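Student: Make a model of this:
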Amino acid sequence: MNNSLFVLDAKPVSYVIGEGALTYSEKDLDRYKQAVILVDENVEKHCLPVFREKLPLFNFKGVISIQSGEEKKNLEQTVHIWNELTNMQVDRDSLLVILGGGVVSDIGGFAAATFKRGIKSINFPTTLLGMVDAAIGGKTGIDFNNFKNQVGLFSNPDSVIVDPIFLSTLEDKHWQSGFAEVLKYGLIMDRELWRMMHGKHYREIDDWNKIIIKAARNKMDIIRHDAHEKGIRKNLNFGHTIGHSIESYYLKSGKPVTHGQAIAAGMICEAWISSKMYAFECTQLEEIIEMIDINFDRLDLDESIIPNLIDLMRQDKKVREGKLRFSLLRKLGKAVHDVEVDMKLVRESMQFYINREKCK
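Tutor: Numbering: from 1, shown residues only. Model prediction:
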C-alpha cells in the first residue's frame, strides 16, 4: 500500500480512501454474486467509463440511471430504482454499487436499505461533497414536499471507496459545493485543516488527496463515537440549519442552488450567531467570512424572504418541542451543539449576511 492511501476496516463499514482506492477495492467486489450499478446521467457519461476501465474484471448485472439534481431526490425516483431492481430480479444477497455524488449516495442508500428490507451496498463517491461527507456516515434519504431529507434512515453501506480520480470529471460548481463541507470540518474541529486552506481559493489548492483523507477521517472519527446523531455528530450540522432553509427555498422557487452555496451562506449566518453568543474575537469571525467570500459568491437574498426561511427552519429535523437548536462555534476549531437560539438573533444573522455588515 502506498502512502497516499488510507485503509480502515471499522465494522460494519470498511473504508478505502485516497489515490488508487478504486483498484484496491477490486478484491472486495469479487465476493458478491450479483451486482447492479446506480448512476445519474452525468456520472454514466463521465465516471462510469473510468470505473469500468479501472475494474475491468468486475461483473455486474446492469446499470440503473436516475436523473441528476437535488430536485430529483424524491419518492418518484426511488420508486424507479425499486422497479429496476425488481425487473433485474435482484435478491437480498445482491449488491448495489452506488456510483455518484451526494444525491446519488442519499437516494441510493435509501433505496438499498428499503428494497426487500435491505440489500448490500458500496458507496463510490464521485464528487468532493460525496467523498468528504455524503457517502460517509450512513445517512440516507430523500426530500419530501421540498423539505430537505425529510424521509430517510440510518443505514451503512458495506464499504466506502473514495478515489480522487473522479474529481477530474467535476464542473466547478460541484468542486465548490464540496469545498463548503471541507471548510466546515476546519471550523468545527480541525484548525490544522483550516490552516492548510486559509486564504486560498479552492482552485489554488494542490494536495487534494491529503485534504480529502483528512476531512473524511474527521467525519469518521465523529460517527464512530455517535453513529445516530445523539450527541457530538450534531456538530456536523454547523451552517446547515439556516443553510438547509436557504437550499429548500431556492429548490421550491424552481431556481435551485448547490448544497455548498446554501451551506456557505448558512455558515456566515451561524458564525455571526456564534460570535454573539460566545463572544469569540471579531477577527476570527472576519477570517471565517473572508475565507467563505473568497470561494463563494453571496446569494441574492432579500430581507422580505426571511419569514419564509424561518418557516422552513421550523420543519428542520433539529427542531425539538418547537424550538430551533443550532450547532455553533465557541471559537475557530471548536463546536458545540443543541444550542437554543432566540429567533431575533436568527433574523439579525440573515440581515447581517444580506447587508454585508461588518463585525462589531
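
Student: could you say what helices and strands whichever helix in the chain runs longest packs with?
Tutor: In the chain, taking DSSP state H as the definition, the longest helix is helix 259-278. Of the remaining helices and strands, those touching helix 259-278 by 3 or more C-beta pairs under 8 Å, 6 or more residues apart in numbering; DSSP states H and E are helix 172-188, helix 240-253, helix 282-295, strand 325-331, helix 343-355. C-beta: built from backbone N, CA, C; applies to glycine.

Student: Trp208 is nearest to which of those?
Tutor: Nearest of those to Trp208, taken as C-beta to C-beta: helix 172-188 at 9.5 Å.

Student: got the buried residues for that closest one?
Tutor: Applying a neighbour-count criterion of 16 or more other C-beta atoms under 10 Å, one finds 174-188 buried in helix 172-188.

Student: again, but for stretch 140-149
Tutor: Residues of stretch 140-149 classed as buried: 140-143, 146-149 (neighbour count, 16+ other C-beta under 10 Å).

Student: what does the domain assignment say about this protein?
Tutor: The chain breaks down by automatic domain parsing into domains covering 5-170, 173-355.

Student: what's the closest of the buried residues of helix 172-188 to Lys358?
Tutor: When the buried residues of helix 172-188 are compared for distance to Lys358 (C-beta to C-beta), Leu187 wins out at 19.8 Å.

Student: Tell me who's in contact with the closest one.
Tutor: Residues near Leu187 by C-beta atoms under 8 Å, 6 or more residues apart in numbering: 194, 238, 267, 271, 288, 329, 332-333, 335.

Student: So which bits of the helix or strand of the chain with the lowest mean pLDDT are buried?
Tutor: Every helix and strand of the chain was ranked by mean pLDDT, DSSP states H and E. The lowest is helix 26-29, at a mean of 84. Buried positions in helix 26-29, judged by neighbour count with 16+ other C-beta under 10 Å: Leu29.

Student: then it to PDB, C-alphas only?
Tutor: This file holds the C-alpha atoms of helix 26-29, laid out as PDB (Å, rounded to 0.1, in the frame of the first residue of the first chain):
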ATOM      1  CA  GLU A  26     -11.400  -5.000  -6.700                       C
ATOM      2  CA  LYS A  27     -10.800  -8.000  -4.500                       C
ATOM      3  CA  ASP A  28     -13.700  -6.900  -2.200                       C
ATOM      4  CA  LEU A  29     -16.100  -6.700  -5.100                       C
END
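
Student: any residues touching that helix, and which ones?
Tutor: Helix 26-29 is touched from outside by 14, 35, 55, 57-58, 95, 97, 122, 159, with contacts defined as C-beta under 8 Å, 6+ apart.

Student: Let's see that with 7 Å instead.
Tutor: Helix 26-29 is contacted by residues 55, 57-58, 159 when judged by C-beta atoms under 7 Å, 6 or more residues apart in numbering.

Student: same question, stretch 108-124
Tutor: Residues from elsewhere that reach stretch 108-124 (C-beta under 7 Å, 6+ apart): 38, 51, 78, 81-82, 85, 90, 92, 94-99, 105, 135, 140-142, 152-153, 155, 157-161.

Student: Then stretch 246-264?
Tutor: Applying C-beta under 7 Å, 6+ apart, the contact partners of stretch 246-264 are 69-71, 102, 129, 146-148, 173, 176-180, 239-240, 243, 265-266, 292, 296, 299, 305, 308-309, 312.

Student: So which of the contacts of stretch 108-124 sit within helices?
Tutor: Reading helices off the contacts of stretch 108-124 with DSSP H, I get 51, 78, 81-82, 85, 105.

Student: closest to Ser168 among the residues you listed?
Tutor: Of all the ones in helices among the contacts of stretch 108-124, Ser168 sits closest to Phe51, with 13.4 Å by C-beta to C-beta.

Student: Setting the sequence-adjacent residues aside, check what's closest to the closest one.
Tutor: The shortest distance from Phe51 to any non-neighbouring residue, by C-beta to C-beta, 6 or more residues apart in numbering, is to Leu99 (6.0 Å).

Student: Give the bridge partners for the one you found, please.
Tutor: When bridges are called by DSSP bridges, Leu99 pairs up with Phe124.

Student: close enough to count as contact, it and Val36?
Tutor: No - Leu99 lies out of contact with Val36 (C-beta atoms under 7 Å); the separation is 10.7 Å.

Student: These two - which one has more neighbours?
Tutor: Neighbour count, other C-beta atoms under 10 Å: between Leu99 and Val36, Leu99 has more, with 27 against 22.

Student: Run a quick neighbour tally on the closest residue in space to Ala180 that isn't next to it in sequence.
Tutor: Closest residue to Ala180 apart from its sequence neighbours, by C-beta to C-beta, 6+ apart: Gly260 at 3.6 Å. Neighbour count for Gly260, taken as other C-beta under 10 Å: 28.

Student: What spatial separation is found between Gly260 and Leu5?
Tutor: Going from Gly260 to Leu5 by C-beta to C-beta, to the nearest Å gives 26 Å.

Student: swap in Ala135?
Tutor: Using C-beta to C-beta, we find Ala135 at a distance of 17 Å from Leu5.

Student: So these two - more neighbours on which side?
Tutor: Each of Ala135 and Leu5 has its neighbours counted (other C-beta under 10 Å); Ala135 has more, 32 against 18.

Student: Angles on the backbone of the more buried one, please.
Tutor: The phi/psi pair for Ala135 (degrees, to the nearest 10) reads phi -80, psi -10.

Student: and if you look at the one 10 residues further on?
Tutor: Reported as degrees, to the nearest 10, the phi and psi values for Asn145 are phi 50, psi 40.

Student: residue contacts, Asp190?
Tutor: Counting by C-beta under 7 Å, 6+ apart, Asp190 has contacts 218, 333.

Student: low pLDDT regions in the stretch 51-200 of the chain?
Tutor: Nowhere does the stretch 51-200 of the chain drop to pLDDT under 70.
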